[in-house]
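Trainee: All I have is the shape, not the residue letters:
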């Protein structure tokens, strides 16, 4: 029997943790739906569950960023480098590969991180069904939290959401709140 490397053990452990968090919250949500509650209450409970998942993701994103940035000898100077670090280094630490590509709008207030084979979906069926899409959102909300946590360590406030246009392709949209984010260049002067 071959032995696993420490990286493989870490990846597998993270996958199992991620999977159990999502499984627990998605089952809780299914129980709410079965309880014959009004749609408005189900919507409120879903939002509450998503908030809990995102909060866990933020804590993990913050700790992960702190550890990865300690190891990074190259100094991150601007937002573009910050997002490149996210798409390459942070993504690789989480999902064992870089995101497919990164783009931004003209004013650098929105960044779009594209992942064509979002690793956490590996246990889901490859269909575009409503059920698959609903469960997929439980997975993406965690990663949205990780991204927000990473950005918080860089003094950037952002709201992150995911778009799944064609399963399993996922686009993470990072909308930066310039009124609450610190300008890196201003901080250095």
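Mentor: That came in fine, so what should we check first? Worth saying up front: this structure is predicted, and the values here are computed from it rather than measured.
Trainee: which residues of the protein score low on pLDDT?
Mentor: Within the chain, the ranges that satisfy pLDDT under 70 run 1-12, 73, 126-128, 180-189.
Trainee: Which stretches in it count as helices?
Mentor: 6-34, 39-71, 79-85, 91-95, 130-153, 184-188 (DSSP state H).
Trainee: okay, which residue is most central for this protein?
Mentor: residue 143 (1.5 Å; C-alpha atoms, centre = their mean).
Trainee: right, and that one touches residue 60 too?
Mentor: No. The criterion here is C-beta atoms under 8 Å, and residue 143 misses it with residue 60 at 9.8 Å. C-beta: built from backbone N, CA, C; applies to glycine.
Trainee: quick revisit: for the residue nearest to the centre of the chain, give me its contacts.
Mentor: Contact partners of residue 143, counting by C-beta atoms under 8 Å, 6 or more residues apart in numbering, are 57, 94, 118, 120, 162, 172.
Trainee: Then residue 41?
Mentor: In this structure, residue 41 makes contact with residue 32, judged by C-beta under 8 Å, 6+ apart.
Trainee: cool, residue 33 as well?
Mentor: Applying C-beta under 8 Å, 6+ apart, we find residue 33 in contact with residue 42.
Trainee: Could you number the chain from 8 rather than 1 from now on?
Mentor: OK, 8 is where the count begins now, so the last one is residue 40.
Trainee: Could you report the neighbour count for residue 65?
Mentor: 21 (other C-beta atoms under 10 Å).
Trainee: which ones are touching it?
Mentor: Shown in contact with residue 65 (C-beta under 8 Å, 6+ apart): 152-153, 155-156, 159.
Trainee: can you do 10 Å?
Mentor: With contacts defined as C-beta atoms under 10 Å, 6 or more residues apart in numbering, residue 65 is in contact with 149, 151-159, 167.
Trainee: picking that back up, spit out the residues that contact residue 150 and residue 67 alike.
Mentor: The contact sets of residue 150 and residue 67 overlap at 25, 101 (C-beta under 10 Å, 6+ apart).
Trainee: Please name the spatially closest residue to residue 176 (chain neighbours excluded).
Mentor: residue 123 (5.0 Å; C-beta to C-beta, 6 or more residues apart in numbering).
Trainee: And that neighbour, how far from residue 149?
Mentor: Distance of residue 123 to residue 149, computed by C-beta to C-beta, to the nearest Å: 19 Å.
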